[in-house]
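J.: coords please:
(one chain, ligands or ions: 1)
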Amino acid sequence: MRMLLIHSDYLEYEVKDRALKNPEPISEEQKKGRLDEVLAVFISVEKVDETNPEEVVEKALTEIKDVAGQVKANRVFVYPFAHLSSELAKPDVALDVLRKLEERLRDEGFEVKRAPFGYYKAFKLSCKGHPLAELSRTIVPTGEVKA
Ligand SMILES: C[C@@H](O)[C@H](N)C(=O)N[C@H]1[C@@H](O)[C@H](n2cnc3c(N)ncnc32)O[C@@H]1CO
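T.: This next block holds a predicted model:
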């Protein structure tokens, strides 16, 4: 899994078109979304993650909690983003991982939104620009090699 974490004044998105034959079903209200004062986490779920998705979710949770603690963010925006890796996991595995990560972040007390999966989306982001505002993390199941 590859994550790009951007501490932001806000992140907002608007669904434009489907990017997969079977995108995630969404309600009318999910077609647009915004969070202010948010840690935006752009995520590519990778093929290697398929060997142990549960472990990758927990490792991603640990990393996000660590960064959120450092930048003092209590809101997280989980944003499916297929452009951080050339070794993408299958969509059904990726969606399951992202849904589980969203759930676990909520368990830990974060206010969480997740952008819809399988769509082209317009988005606006305002990065805060402080030294920890732009970070990346690579996570793999134990025993796998980071590409
Ligand atoms: C396109 C661009 O504007 C938009 N932002 C986009 O990336 N859309 C992606 C993700 O929502 C999702 N998706 C599919 N596979 C994956 C994966 N392995 N990991 C994460 N997302 C995935 O399916 C879409 C097409 O790849």
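J.: contacting residues for residue 9?
T.: Applying CB atoms under 8 Å, 6 or more residues apart in numbering, we find residue 9 in contact with 36-37, 126-128. C-beta here means a position set from N, CA and C on the backbone, and glycine is covered the same way.
J.: can you do 7 Å?
T.: Listed by CB atoms under 7 Å, 6 or more residues apart in numbering, the contact set of residue 9 reads 36-37, 126, 128.
J.: what does residue 80 give?
T.: With contacts defined as CB under 7 Å, 6+ apart, residue 80 is in contact with 43, 94, 98, 115, 117.
J.: at 8 Å what do you get?
T.: For residue 80, the contact set (CB under 8 Å, 6+ apart) comprises 43, 94-95, 98, 114-118.
J.: which among those end up buried?
T.: Among the contacts of residue 80, those buried by neighbour count (16 or more other CB atoms under 10 Å) are 43, 94-95, 98, 114-118.
J.: so which of those residues sit within helices?
T.: Judged by DSSP state H, the buried ones among the contacts of residue 80 include 94-95, 98 as members of helices.
J.: which bits of the protein sit near the ligand?
T.: Applying CB under 6 Å from any ligand atom, we find that the chain lies next to the ligand at 19-20, 43-45, 80-83, 88-89, 91, 94, 117-121.
J.: buried sites along the top helix by length along the chain?
T.: The longest helix of the chain (DSSP H) is helix 53-71. Of the residues in helix 53-71, 53, 55-57, 59-61, 63-65, 67-68 count as buried by neighbour count, 16+ other CB under 10 Å.
J.: kindly report the same for stretch 100-113.
T.: Per 16+ other CB under 10 Å, stretch 100-113 contains these buried residues: 100-102, 104-105, 110, 112-113.
J.: need the ones in helices among the buried ones among the contacts of residue 80 in CSV (columns: distance to residue 76 and pLDDT).
T.: Formatted as CSV, these follow (distance: CB to CB, whole Å; pLDDT from 0 to 100):
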residue, distance to residue 76, pLDDT
94, 18, 98
95, 17, 98
98, 12, 98
